[in-house]
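Participant: Need a 3D model of the sequence below.
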Amino acid sequence: MRDSRNGDSMDRTYDIFVAFPDGSVVWRGSVIGHEAGVLQLKTLAGATKNEIRLVHLPDKTLIAALNVQAQQTHNARNAARLWEPV
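Facilitator: Numbers count the residues shown, from 1 in each chain. Now for the predicted structure:
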C-alpha cells in the first residue's frame, strides 16, 4: 500500500457485482486498485448485457456501473422525484 500523504494514492480493494433484470445481484470478485477495477469492469461489461458495478464496500461507494439500461436510469430518476417537495 502506498501512503497518500506523500502524494501517492492508496490501493483500495473494490468488489465487482452483476445486477440482473430481476433485481438480484451476484458478487463476481474483487480487485486491488482503481485502474484494475475499471479494467475488470470494462472486460466483464463486454461479455454481458447485465449491469456491472464496481463498489468500495467499506464506505458503500458505487465507483462505476456499466451496461446500465436507459429505462432503469429513467425509472430511478422518476422514483427520486417522488421524494422531492412539490
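Participant: hang on, Leu62 packs against Leu41?
Facilitator: No - assessed by C-beta atoms under 8 Å, Leu62 is found out of contact with Leu41, at 11.4 Å. Glycine gets a C-beta too; all of them are placed from N, C-alpha and C.
Participant: So Leu39 belongs to a helix, correct?
Facilitator: Yes - the assignment for Leu39 (DSSP: H, G, I helix; E, B strand; the rest coil) places it in a helix.
Participant: where does it sit relative to Gly29, distance-wise?
Facilitator: Separation of Leu39 from Gly29 (C-beta to C-beta, to the nearest Å) stands at 13 Å.
Participant: secondary structure class for the nearest residue to Gly33 once chain neighbours are set aside?
Facilitator: Nearest residue to Gly33, sequence neighbours excluded (C-beta to C-beta, 6 or more residues apart in numbering): Asp11, at 4.8 Å. Secondary structure, three-state DSSP: Asp11 is coil.
Participant: what number of residues lie near Asp11?
Facilitator: Residues lying near Asp11 (other C-beta atoms under 10 Å) number 14.
Participant: mind checking how far it is from Ser30?
Facilitator: Taking C-beta to C-beta as the measure, Asp11 falls 12 Å from Ser30.
Participant: Okay then, goodbye and thanks.
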